[in-house]
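Participant: here's a sequence, model it:
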Amino acid sequence: MNRKIIYLVLCVIAAFVLLTSCKRADEPKKVKVPDTLEDFNDKNVTVGIVDGYIYEDIAKRKLPKAEIKHFSTREYAYKALVSGVISGVLDDEPIIRAVTRGTDAVDAIDGYIEPADYAFIFPKNDKCDTIRKRFDSYVELLQGNGATEGLDEKWFGNKTTNKQSMDVSKLPATNGTLEFAFDGENVPFEYMSAGQVVGFEIDILYGFCQKYGYGLKLNQVPFNDMLNGVESGTYDIACSAITVTDERSERFNFSRPCYTGGATICVRTDAVTSSDADESRGVIGHVKSTFIEEDRYILIIKGVLTTILIVFVSVFIGNPLGYIFFILSRRSNIVVRGIVRAIIWFVHVTPVIMIIMLLYYKYYRDLYIGGVLAAIVGFTLAFSNEIYRMVERYSGMIDDGEFEKNYRLWFSKSSEFFNTLMKNYGKEMITDFKNIVVRLIKATAVVGYIAVDDMTRTFDLIRKDSLEITLPLVTTMILYILIIVIVTKLLDRAANRRVKKMDI
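Facilitator: Got it, this is the predicted structure:
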């Protein structure tokens with residue numbers, strides 16, 4: 001089939017998916033949506049909760065008759081709410097306020113199902129008790145001079161252009177460095193935005209560290225791991241919209257409460273159901289709310305550039321490295337040959353994501369671009385392994401497989417060896433090389449697991465911020481297709497020039 005026809009078909013498919021993702025959704029499932037908090041204590045009502053927090057305990061005590069549906073993340077819980085799968089989401093009221101800022105499809109029930117204070121936590125030891133007392137004094141000062149009211153307006157208000165914090169990783173550690181833990185999932189208290197931790201609590205922590213000369217070592221961990229780490233003394237301080245409870249007070253020390261609120265229930269609004277919202281917003285509305293609002297398109301550009309950078313450097317270094325590995329595995333002494341072959345074997349049998357995560361958490365985590373470096377090193381090794389295997393396969397086919405007989409001649413100069421391979425199997429090797437590059441590009445989709453702001457991580461952030469799922473995923477798919485098409489076209493041109501040059 002003609003390539004132009006293939007590209008046209010791909011474009012039609014992408015356009016079809018894009019349009020169908022934005023058209024009117026199916027009618028939501030009919031669920032009972034009470035008007036008051038008390039009415040949620042009903043066997044015909046389904047309430048969603050996010051695992052790992054205290055919401056299950058609150059639901060058991062306050063809503064014993066309601067059916068409880070568990071979700072692993074807030075994203076899934078609120079999507080189920082908007083889709084009409086559940087009646088409401090039990091969550092902290094200030095977090096619900098942040099969710100309602102991004103969509104008019106949901107709103108909070110008036111009142112608190114249970115009031116609560118939110119505070120930082122510290123281990124129960126002498127060192128951190130001194131830090132906690134200083135922190136309490138600082139919070140008291142902020143609350144006394146009205147500074148917390150300004151932070152409340154900044155982070156809980158409707159304005160979206162001011163949601164930024166100072167870079168806590170660059171604090172001068174004149175009085176030591178504190179191990180700081182957070183989970184990065186509690187908008188607007190603390191969350192990840194454009195690769196940095198930001199939020200209401202982060203602004204307070206930054207001011208405290210600046211006043212007392214503390215530096216911070218950032219540790220983004222799951223919520224329960226954060227609590228356990230503070231209890232064991234692994235972390236010196238932690239925050240994540242942590243509700244003050246008597247049970248938790250037995251495990252670690254709470255600071256002076258930084259915010260007073262409580263848990264309530266988020267429901268779909270009467271005026272706008274999920275299907276009505278989809279129909280009224282249309283394609284343009286979805287694109288605007290997903291990519292244009294809060295300048296999210298800038299994140300997309302950065303994510304694409306990061307992905308391309310990782311691919312380019314990995315190919316640029318990994319290609320010659322694969323040839324070098326092959327030469328060393330044949331021409332060096334027994335020790336070097338053994339080391340090289342051990343490296344190749346290890347890279348060949350180990351999933352690349354495992355290599356990248358090992359490099360990141362063991363060596364690069366504390367660096368500003370540590371995630372990108374770990375990805376480049378990991379993919380470079382993986383790419384060099386693919387090149388090694390390709391060269392090994394084709395070199396063994398030369399002259400009816402008599403490679404061992406002729407290797408001294410070919411290895412007298414590496415250029416002669418390369419030219420010999422190209423003359424015999426140039427077209428096949430170029431095709432294999434393109435396939436290896438394509439596999440590398442697709443493999444970069446796993447980089448986001450180490451919080452690198454590549455394409456997949458960027459659109460994951462956009463999904464959480466905009467409560468959109470289909471459109472970011474479709475856009476990511478289209479961008480990967482475009483990158484692969486462009487790269488393979490460029491490789492074709494370079495290969496054709498190479499072949500013509502050799503024929504001459």
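
Participant: what about Ala342, which helix or strand?
Facilitator: helix 334-349 (DSSP states H and E).

Participant: now what about that helix, what contacts it?
Facilitator: Applying Cβ atoms under 8 Å, 6 or more residues apart in numbering, the contact partners of helix 334-349 are 325, 328-330, 332, 355, 381-382, 384-385, 388-389. Every C-beta, even on glycine, is put in place using the N, C-alpha and C of the backbone.

Participant: and for stretch 188-199?
Facilitator: By Cβ under 8 Å, 6+ apart, stretch 188-199 touches 94-95, 97-98, 118, 155-156, 163-165, 167-169, 182-187, 200-202, 218, 220, 239-241, 259, 299, 302, 451, 453, 461, 465.

Participant: please indicate which of those are buried?
Facilitator: Neighbour counting by 16 or more other Cβ atoms under 10 Å classes 94-95, 97-98, 118, 155-156, 163, 165, 168, 182-187, 200-202, 220, 239-241, 259, 299, 302, 451, 453, 461, 465 among the contacts of stretch 188-199 as buried.

Participant: just to revisit the earlier point, so for the helix holding Ala342, mean pLDDT?
Facilitator: Averaged across helix 334-349, the pLDDT comes to 88.

Participant: about what we covered before: out of the contacts of stretch 188-199, which are inside strands?
Facilitator: Among these, the ones falling in strands (DSSP state E) are 118, 182, 185-186, 218, 220, 239-241, 259.

Participant: quick revisit: and the two most separated of the contacts of helix 334-349?
Facilitator: The most widely separated members of the contacts of helix 334-349 are Arg330 and Ile355, with 24.6 Å between them, by Cβ to Cβ.

Participant: just the contacts of helix 334-349: which are in strands?
Facilitator: Among the contacts of helix 334-349, no member lies in strands (by DSSP E).

Participant: what is the lowest-pLDDT residue among the ones in strands among the contacts of stretch 188-199?
Facilitator: Across the ones in strands among the contacts of stretch 188-199, the smallest pLDDT goes to Glu185, namely 80.

Participant: okay, now the unreliable bits of the stretch 151-300 of the chain?
Facilitator: Scanning the stretch 151-300 of the chain with the threshold set as pLDDT under 70 gives 160, 270-286, 289-291, 293-295.

Participant: do a quick rundown of the helices in it.
Facilitator: Counting by DSSP state H, counting those that start in this stretch, one finds helices in the stretch 151-300 of the chain at the ranges 200-212, 223-232, 246-249, 274-287, 296-331.

Participant: between the ones you listed, which gets nearest to Gly426?
Facilitator: helix 296-331 (15.1 Å).

Participant: now do the buried residues in that closest one.
Facilitator: Per 16+ other Cβ under 10 Å, helix 296-331 contains these buried residues: 296, 299-300, 302-304, 306-308, 310-311, 313-315, 317-319, 321-323, 325-330.

Participant: ditto for stretch 487-495
Facilitator: 487, 491, 495.

Participant: from Asn44, how far out is the first one?
Facilitator: To tie it back to what came earlier, the one meant is Val487. Val487 is 55 Å from Asn44, where distance means Cβ to Cβ, to the nearest Å.

Participant: so Asn175 makes contact with Tyr214?
Facilitator: Yes - taking Cβ atoms under 8 Å as the definition, Asn175 is a contact partner of Tyr214 at 5.5 Å.

Participant: looking at these two, which is more packed in?
Facilitator: The residue with more neighbours, out of Asn175 and Tyr214, is Tyr214; 23 against 13, by other Cβ atoms under 10 Å.

Participant: which residues touch Val230?
Facilitator: By Cβ under 8 Å, 6+ apart, the residues touching Val230 are 121-123, 181, 237-238, 251-252.

Participant: distance from stretch 230-241 to the middle of the chain?
Facilitator: Relative to its chain's centre, stretch 230-241 lies at 22 Å (Cα atoms, centre = their mean, to the nearest Å).

Participant: then stretch 443-451?
Facilitator: With Cα atoms, centre = their mean as the basis, stretch 443-451 stands 8 Å off its chain's centre.

Participant: how is this structure partitioned into domains?
Facilitator: Here the domain assignment for the chain is 116-259, 295-503, based on automatic domain parsing.

Participant: before we move on, the earlier item: which of the contacts of helix 334-349 sits closest to Leu482?
Facilitator: Leu482 lies nearest to Ala382 out of the contacts of helix 334-349, by Cβ to Cβ, at 22.9 Å.
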